[in-house]
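Asks: okay, here's the prediction I keep looking at, along with the sequence it came from:
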Amino acid sequence: MLPSHGRFDYVPWPGRPRQAWPGGAKLAVYLGINLEHFAFGEGLGAELAPGGPQPDVLNHAWRDYGNRVGAWRLIELLDALGLPATVLLNSAMYDHAPQLVAAHRARGDEIAGHGRTNSERQSVLDEGQERALIAESTAAILAQEGVAPRGWLSPWIAESRVTPDLLAEAGYRYTLNWCMDDQPVWMRTRSGRLLAIPYPQEVNDIPSVVARKDGAEQFAAMVLADFEERQEQVARDGIAQVMGIALHPYIIGQPYRLRALRGALAAIAARRGEVWITTAGAIHDHVAALPDDNTA
């Protein structure tokens, strides 16, 4: 037998329950907006161009464009279309750009944990260090928002073998780290269950634009094609799905990319009522209220 994580069982797609989201919708759509801050002159970070010796001013400044400009333009777009968001927050943002976090708070957006900074990975830490990272990030959000975050996305989606256990022990209700399904899946941890909500690694501007070098129109077309195909699938087989759209303001907030995205999001927003446009936290709450045998 191959080694296994043992967190969840294999459940074939055709046998899934024919449940529905609120309002009878079969497709739930949420936007995951990544607000990230990076150390200057050290640590990890996505690259627009191959980085040279530190300090890597080109790539650091490109990433910070998202917090200074791109994220604000994205908020304007979300407001214009009336779209909610789940904000995946590096807690370092409270020191770096508190006004930006406050703007999402004022919109009523969900704030989820996304570590301290995307300059680091939690997967290389020992258990005590990883527990401390989760605790520090959680405490910062609680202090600023008045409520603890319910959801978590690890920086770089990096996990140790005990990350789900530590998240459940820290009070988290769901994780976005696992992309193995189109439905939420209950994971086993040493202190109870944790819901894995689908978070996209395809309809995501980092792998699309940074890794595959997709153009702005190509990424926007991908978003819309994914949405339209899912709509056909749920109409055909009746099995409810989750569609996430992962956005990073330093990438999608570039004007020409934002212009392309606007059309795709407008087309999705126009189907409101037919689909459930929501947050990851609301998806968790709906699934948690279902009978245990009614989820994957």
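Replies: Nice, I can see it.
Asks: so how far is residue 151 from residue 220?
Replies: 26 Å (C-beta to C-beta, to the nearest Å). (C-beta placed from N, C-alpha, C; glycine too.)
Asks: more neighbours: these two, which one.
Replies: Taking other C-beta atoms under 10 Å, residue 220 and residue 151 do not tie; residue 151 has more neighbours (26 against 22).
Asks: pLDDT wise, what is that one at?
Replies: Per-residue pLDDT puts residue 151 at 98.
Asks: residues near residue 13, how many?
Replies: Neighbour tally, residue 13, other C-beta under 10 Å: 12.
Asks: got it, and residue 277?
Replies: 22.
Asks: excluding chain neighbours, what is closest to it?
Replies: residue 29 (5.1 Å; C-beta to C-beta, 6 or more residues apart in numbering).
Asks: in what helix or strand does the one you found lie?
Replies: If you go by DSSP states H and E, residue 29 is part of strand 27-35.
Asks: show me where this structure has its helices.
Replies: For the chain, the helices defined by DSSP state H occupy 57-65, 71-81, 93-96, 98-107, 127-145, 163-169, 205, 216-237, 249-252, 255-269, 280-288.
Asks: my guess is the residue nearest to residue 277 meets residue 272, correct?
Replies: No. Counting by C-beta atoms under 8 Å, residue 29 stays clear of residue 272, with 9.4 Å between them.
Asks: and the residue lying closest to residue 201 once chain neighbours are set aside, how far from residue 280?
Replies: Spatially, and ignoring its direct neighbours in sequence, residue 201 is nearest to residue 179 (4.8 Å; C-beta to C-beta, 6+ apart). As judged by C-beta to C-beta, residue 179 and residue 280 stand 13 Å apart.
Asks: those two: who's more crowded?
Replies: When neighbours are counted by other C-beta under 10 Å, residue 179 and residue 280 differ, and residue 280 comes out ahead with 29 against 17.
Asks: so who does the residue lying closest to that one once chain neighbours are set aside touch?
Replies: Of all residues not flanking residue 280 in the chain, residue 86 sits nearest, at 4.4 Å (C-beta to C-beta, 6+ apart). Counting by C-beta atoms under 8 Å, 6 or more residues apart in numbering, residue 86 makes contact with 30-33, 109-110, 112, 151, 279-281.
Asks: tell me which residues form a beta bridge with residue 86?
Replies: Residue 86 has these beta-bridge partners by DSSP bridges: residue 32, residue 110.
Asks: let me know the pLDDT of residue 73.
Replies: 98.
Asks: count the residues that sit near it.
Replies: 17.
Asks: against residue 247, how distant is it?
Replies: 12 Å.
Asks: check residue 186 too.
Replies: Residue 186 is 27 Å from residue 247, by C-beta to C-beta.
Asks: okay, the two: which has more neighbours?
Replies: Taking neighbours as other C-beta under 10 Å, residue 186 and residue 247 compare with residue 247 leading, 29 against 19.
Asks: can you pull up the bridge partners for that one?
Replies: Beta-bridge partners of residue 247, as defined by DSSP bridges: residue 33.
Asks: coming back round to it: scan the contacts of residue 86 and report the most crowded one.
Replies: In these, the most neighbours by other C-beta under 10 Å go to residue 280, 29 neighbours.
Asks: how about low-confidence regions in this protein?
Replies: For the chain, applying pLDDT under 70 flags the ranges 293-296.
Asks: which one of residue 29 and residue 272 has more residues nearby?
Replies: Shown here are residue 29 and residue 272; by other C-beta under 10 Å, residue 29 has more neighbours (25 against 15).
Asks: contact partners for that one?
Replies: 227, 242-245, 268, 275-278.
Asks: gap between it and residue 269?
Replies: 9 Å.
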